[in-house]
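Asks: Structure, please.
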Amino acid sequence: MPMLDELMPWSAPPLRLGREWVMAPDAGSLRARWDVLVGAEAGEREALFGCTRVRTPHSAVSQLPGQSTGTGRFVREDGRCPAPVRVLHGPFDEQWLIPDHRLIDMARPELWRVADERQVFVVEPGYVAGAPGAPVVVSALLPDGRSPAGRPGRIRPLYRRPGGLEPNLAPGLLAALSTAYGREVDAEEVIAWILAVAGSSPAGCAVPLPADPGVWLSGVDLGRRLMEIQLRGVHGGARPRLPGGRRPYVRAAVPARPDAIGYDAAEEVLSLGDGRISPVPREAWDFEVSGVRVLEHWFERRTGEAEAGTLEAIRPASWPQEWTSELLELITVLALLGELRVRKEELKVVTEITREELGSVLPPPAAARRPASVLDHHEEGPEGQFALL
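Replies: Sure thing, here's the model as predicted:
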């Protein structure tokens, strides 16, 4: 059967930050870290920065596309922190990032260049043998592509150009599917189908294509619902909500410093220290990606120990209310996705479109695996120079 790598040929590896302090669950911590860094003496600044072979305070780096950050060498930086941007860390954790290219080892500018209000990113978490969980997820936010299990994954934009132009699909695929199903098939239908049926394997993500138009429509309908939940109200969809009586609420306030997360399946109660949230469906607690429980990983990212004296140690003094609101939404997303697993398991592709029938489409040409040339906006090069693209 076709592989995701063939159907969506252009992909990028995960962002490689090089230093963890540039990303955080709250924007305030990032601004505080920046202020400490730019206020430090030269020697201390280098130690706090976290130098790598790719980035030091002396590196000459161009702007990230779509951002208005400085391009002078960071060793001379004395201005305010650039406005942090919302990104997706791992499969479901929405966090904040300082979008300054001088601070990020491998920021993947080609992804920033096509990130806009029309874009949808398909994220393929790293493969872990025998591990349950979603083989692909989608995001309207720029994803870092990092797997909770530490395995390398891939990031695949739906569109190769801003404005929802030029789908990142094998040339001729939409025409071939339209002919097979007797109706026009668009790019978002293909993504919906991938969400509904994709399966992980050591060779990559496999995507069977049904010969039956009715099976295709059923899968697309399921995939659209999966996409709506994961996009969380972006692109005109509704924000995820559980039905009345099943919505999670805070029953006991989360303490300033919760020390552990736990779950009582009988009572459907999620505990964060002395804090209590319920009802929390078992599907939400058990939801895993790459063999890692999503809720536990989310909690660890906010409460794990940081080395004293580092920028990572600058964080909220107490649990922010915003984190509780984000947790309630995450529980809702995972619960709704968990409920749809039965439908995914029931969706069977009995007869498939063969690779011979897609002979004019697969494998895709080498050019389809490279990013498109995007020249619709100015990008500043190192030290304020004009960037030639």
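Asks: now Pro213, nearest residue through space, not along the chain?
Replies: In space, and not counting its chain neighbours, Pro213 is closest to Tyr181: 4.2 Å by Cβ to Cβ, 6 or more residues apart in numbering. Any C-beta I mention is one placed from the backbone N, CA and C, and that applies to glycine too.
Asks: residues near that neighbour, how many?
Replies: Tyr181 has 21 neighbouring residues, counting by other Cβ atoms under 10 Å.
Asks: now swap in the one 3 residues further on and tell me
Replies: Around Glu184 sit 10 other residues, with neighbours defined as other Cβ under 10 Å.
Asks: Same check on Ser178?
Replies: Counted with other Cβ under 10 Å, Ser178 comes out at 14.
Asks: Checking my notes, it in a strand, right?
Replies: No - assessed by DSSP: H, G, I helix; E, B strand; the rest coil, Ser178 does not belong to a strand; its assignment is helix.
Asks: which ones are touching it?
Replies: Glu184, Val185 (Cβ atoms under 8 Å, 6 or more residues apart in numbering).
Asks: Okay, it and Pro213: tell me how far apart.
Replies: 11 Å (Cβ to Cβ, to the nearest Å).
Asks: mind showing which ranges of the stretch 101-250 of the chain have poor pLDDT?
Replies: 130-133, 150-151 (pLDDT under 70).
Asks: what about 50?
Replies: By pLDDT under 50, the stretch 101-250 of the chain contains no weakly predicted segment.
Asks: Run through the helices of it in chain order.
Replies: For the stretch 101-250 of the chain, the helices defined by DSSP state H, counting those that start in this stretch cover 109-112, 173-181, 187-197, 213-231.
Asks: and the shortest one, how far out from the chain's middle?
Replies: To tie it back to what came earlier, the one meant is helix 109-112. Centroid separation for helix 109-112 versus its chain: 14 Å, with Cα atoms, centre = their mean, to the nearest Å.
Asks: So for that helix, what gets flagged as buried?
Replies: For helix 109-112, burial by neighbour count (16 or more other Cβ atoms under 10 Å) applies to Pro109, Glu110, Leu111, Trp112.
Asks: Please work out which residues outside it touch it.
Replies: 12, 62, 64-67, 99, 101, 121, 142, 155, 157, 371.
Asks: Also stretch 259-272?
Replies: Stretch 259-272 has contacts (Cβ under 8 Å, 6+ apart) with 248, 251, 254-255, 258, 273, 276-282, 285, 295-296, 299, 303, 319, 331.
Asks: Now find how far off-centre that stretch is within its chain.
Replies: How far stretch 259-272 lies from its chain's middle: 26 Å, per Cα atoms, centre = their mean.
Asks: which parts of it are buried?
Replies: Across stretch 259-272, burial judged by 16+ other Cβ under 10 Å covers Ile261, Tyr263, Glu268, Val269, Leu270, Ser271, Leu272.
Asks: Now pLDDT too, for the residues you listed, in JSON lines please.
Replies: Output for the buried residues of stretch 259-272, formatted as JSON lines (pLDDT from 0 to 100):
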{"residue": "Ile261", "pLDDT": "97"}
{"residue": "Tyr263", "pLDDT": "98"}
{"residue": "Glu268", "pLDDT": "97"}
{"residue": "Val269", "pLDDT": "98"}
{"residue": "Leu270", "pLDDT": "98"}
{"residue": "Ser271", "pLDDT": "98"}
{"residue": "Leu272", "pLDDT": "98"}
